[in-house]
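1. predicted model, plus sequence, below.
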Amino acid sequence: MAEIDITQKDENISEITISGELDIYCVMDTYQQLFQQLEVKEQTLLNFGGISEIDTAGVQLLIMLLKIISDKNGTYQVTSLGEPLADYSNLFQLNRYFIDFEAINKNASTIEESQS
Amino acid sequence: MSLDAVLQTFYVEAKEHLEAMENVLLKMDEGESDDEMLNEIFRSAHTIKGSAGIFGLDHIVNFTHVVENVLDRVRANEIEIEKKLIDVLFKCRDHIQNLVGANLDEFNTQPDLQKTDQELLETLTPWSNEVGEQTEQESNLPDNNETEIISDSETVTAENEIEDEEKDNLWHISLRLSADCLRNGMDPLSFIKFLTTLGEIKHVETLIDHFPKPEDFDAETLYLAYEIALQSKASFEEIENTFMFVQEDSAITILPPSATVEDYRTLIDKLPEDNQKIEEVLIKCGSLTKPLLEQDSVPPSNAIANNVDVPDNVETVETDKNKLEQLGIESPAVTDVAADAELTKAKQSKTSEGKQIRVDSNRLDLLINLIGELVINQQRIELLSKESKNPPLTEAVDDFENFTNQIRDAALSLRMVPIGGTFQRFKRLVRDTAQELNKEIELTIDGADTELDRLMVEKLGDPLTHIIRNAMDHGLESVEERVSLGKSTKGQLKLAAYHEAGHIVISISDDGSGIDKDRVREKAIEKGILNNESQLNDNELFHLIFHPGFSTAASVTNLSGRGVGMDVVKRNVEALQGSIDISSQAGLGSEFKIRLPLTLAIIDGFHVEAKGTHFIIPQATIIECINLAHHQDIKGRHCINLRGEMIPFLNISEIFNLTTNKAPSPEESNKTDTLKRELVIVQFGSDIAGIEVGTLNGEIQTVVKPLGPIFRALKGIGGSSLLGNGEIAFILDVPQLIELAIEKEASSRVTIETNTNNLEQ
């Protein structure tokens, strides 16, 4: 079962720490908990180093989290990835989001611009 | 579909594949070998590996991968199938069975399993690819004393060749899996991991374009899509099989290395994402290059030219024909012939697949139970219709009975399975045991198609195993002994099954030394089962071996000799309402015959009455019925003279101490006792006896309800049934009653002889 901890670092900076097992068995509850508590600040620090186990459902949840932050015009920075997430990210070419912090909604906005 | 249900399917199918592997190995052990057999065993290993990969059962995948590799080399004629390899493959097959029985966590905590795993992998190295390749590489290395100068151009050429080879083996896989994938326990991570066992994942692009708004996000729904570049020498089928559990509701496209640009254009058009985006993804994957995308000189693929609908799920892309057409070469005729043959084979396999369906055995049992109730109710209706004396109603009820019988027979046939499956298992047992005992033994199977109730098939496994082990251990002689006796070096063991008089007979015979009657007698006296004066015939003597703790074995082996097997055999057989006979001749061999009823569920019976108590005699055992009023009793003897043959009989009322439980009607009390003496002559095997009853009520279908454990010791009764009028009827155990009748007649004969002798003196 994943544990979520949201702390206020500064007036404009919050830190979200997710630890434990983040998998299909708990993503539903974890997301609801996260969604209810989340207050997007100008910058969000993301600490995923404590995630001991993760699967595709867990990674999806994290991606959704990054999207929520981006949608609310916040920026994020992953301060710690942890081995399970790092392995997954390497395999599935997600480093650009978790490590390089490429804007997660960039592609969607580029397409919208080109279509308009 | 829940993960547990799918996992159970995996276990069931793995078991079937392991059985198939064993059967093929047994045939190979006997010297048979052809391409089809090699393909079959390879496919079995490959499917187990593939399915295990889906569930993350890496311990099975890792081991089976090496076995599959060896089998692949065998079918490619790179290595020969030799006795030594077959022995190892048998062990590998057994080990895979053990691995299937343990999950990954259990494997990691069982050192014995890991040790066996390691040892077998090492044993396989002489035949597996890794060593082969290593050896090849080593042989290609220059000797230490020589120096080879490789020119730059040669290096570049070699590098180009490697690059070309890589491109030749580059597959592109587009995955748009079902949204319920994660919910159903299928994680794309498992598939990607499994693909790494088929080759090298060059690139995976994860598409995140389909996420909904945060408030609509369902954490258990899959929103991700994947484009994968896989470098692999695997076949299309092997790659396709990776996704066999998720093909439904998914859009999976596999483009082979020979796919043309047009094929990629088709894929790009088909995918829901923006074309430009997908093009960039394909370039990132390395499946396409920008120049290739920009060129437009390649003719369209057949699919587009013929306006064929490209299906949403897995598709194959025929590109070789295109390429050949481009070069102006006609497709070779043999390809069409080969294709036709494959199509016929596929149709045949599809047809045979369509004829079978897997059914939960609990559902089958429920159906049989309900049909049993239907039969009982049909009899009730029949009784009531007879009483009503309404001809149209009686006729309709007769028709109803006819259909009920047909439904009954059809339903019962669902329970019937050929005994061949059970017999087949013994081939392996005989092979391994013969090796262990250092004897040569040949097993012959006859009547494998003979069908019997599936419950019996399940319960017969142990008794047959005991008898076969005993035959091999104590009956069949060693090679040297057989040669000295003038017998063939190979001991003959035969398993046969056939129908006889409404029963199924299973015979286990051998051409060994036979049962030593003197030794049996000696042992029986030693154990206090017999006294010195006891006179027993051969059959009675042989039956002593079923006595608990009885064994004439000079030494206890790990196979037999402890005296705990044969008594259990007899009990198990009797629990199935069967009997067991033994015949044996010293020096020539022995035969064990197990007789069983065809089914335990619903039987055709004959309804009789004795002093108001209802009985049913299995119709298959009845020879004839006679009225004892027309026959003279032989004084003091329990037998009658029937056409010159002395038939022992017993009175059912006396055997069960029956008393009349209701006052007789005036008509009944006016009848003389002699008119109420009916004799039903029954037969079981070669034994015939009579059962004296009061009234014969005719044929009846009987739903057999087993008696509870408290009645287990009750002799002569094999079950109960409910009659149409609601009364209970007892189903007679004919073999036991025949035995009793014979015993009673024998003892009364002895008594008469003794009295006669006394009188004479």
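-> All right, it came through fine.

2. surely residue B:242 meets residue B:191?
-> Yes: applying C-beta atoms under 8 Å, one finds residue B:242 in contact with residue B:191, separated by 5.7 Å. Heads up, the C-betas are built off the backbone N, CA and C, glycines and all.

3. report the central residue of chain B.
-> Nearest to the geometric centre of chain B sits residue B:421, at 5.3 Å (C-alpha atoms, centre = their mean).

4. could you measure from residue B:594 over to residue B:460?
-> For residue B:594, the distance to residue B:460 equals 8 Å [C-beta to C-beta, to the nearest Å].

5. overlap of the contact sets of those two?
-> Shared contacts of residue B:594 and residue B:460, defined by C-beta atoms under 8 Å, 6 or more residues apart in numbering or on different chains, are found at residue B:506.

6. in chain A, what residue comes closest to chain B?
-> Of chain A, the residue with the smallest distance to chain B, taken as C-beta to the nearest C-beta, is residue A:27 at 3.8 Å.

7. which helices and strands sit right next to the longest strand seen in chain A?
-> When secondary structure is assigned using DSSP state E, the longest strand within chain A turns out to be strand A:43-54. Using 3 or more C-beta pairs under 8 Å, 6 or more residues apart in numbering or on different chains; DSSP states H and E as the contact criterion, the secondary-structure elements in contact with strand A:43-54 are strand A:13-22, helix A:56-71, strand A:75-80, helix A:83-91.

8. can you name the residues that contact the residue of chain A closest to chain B?
-> For residue A:27, the set of contacting residues under the criterion of C-beta under 8 Å, 6+ apart consists of A:57, A:58, A:60, A:61, B:219, B:220.

9. need the residues you listed in a markdown table with distance to residue B:616 and pLDDT, can you?
-> As requested, the contacts of residue A:27 are arranged in a markdown table below (distance: C-beta to C-beta, whole Å; pLDDT from 0 to 100):
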| residue | distance to residue B:616 | pLDDT |
| --- | --- | --- |
| A:57 | 61 | 94 |
| A:58 | 65 | 94 |
| A:60 | 66 | 94 |
| A:61 | 67 | 94 |
| B:219 | 63 | 91 |
| B:220 | 58 | 91 |
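
10. sorry, back to before: pretty sure the residue nearest to the centre of chain B contacts residue B:454?
-> No: when contacts are counted by C-beta under 8 Å, residue B:421 is not listed as touching residue B:454 (10.0 Å).

11. strands of the stretch 51-200 of chain B, start to end?
-> Along the stretch 51-200 of chain B, the stretches classed as strands by DSSP state E, counting those that start in this stretch are B:170-176, B:199-207.

12. student question: in the chain, what's the helix or strand with minimum average pLDDT?
-> Picking chain A for this. Sorting the helices and strands of chain A by mean pLDDT, DSSP states H and E puts helix A:106-115 at the bottom, at a mean of 44.

13. let's do chain B instead
-> Looking across every helix and strand in chain B, the one with the weakest confidence, judged by mean pLDDT, DSSP H and E, is helix B:302-305, at a mean of 36.

14. for the residue of chain B found nearest chain A, helix, strand, or coil?
-> Across chain B, no residue is closer to chain A than residue B:219, which sits at 3.8 Å (C-beta to the nearest C-beta). Classification of residue B:219 using DSSP: H, G, I helix; E, B strand; the rest coil returns coil.

15. any residue of stretch B:40-57 touching chain A?
-> No: using C-beta under 8 Å from any C-beta of the partner chain, stretch B:40-57 never reaches chain A; the gap is at least 10.0 Å.

16. quick one: mean pLDDT for that stretch?
-> Averaged over stretch B:40-57, pLDDT sits at 85.

17. which parts of it are buried?
-> Within stretch B:40-57, the residues that count as buried by 16 or more other C-beta atoms under 10 Å in any protein chain shown are B:40-57.

18. what about that stretch, distance to the chain center?
-> Relative to its parent chain, stretch B:40-57 has a centroid offset of 19 Å by C-alpha atoms, centre = their mean, to the nearest Å.

19. what's next to it, contact-wise?
-> Outside of stretch B:40-57, the residues that reach it under the criterion C-beta under 8 Å, 6+ apart are B:7, B:10, B:13-14, B:17-18, B:20-21, B:24-25, B:58, B:60-61, B:64-65, B:67-68, B:71-72, B:74-75, B:96, B:99-100, B:103-104, B:186, B:190-191, B:193-194, B:197, B:238, B:241-242, B:244-245.
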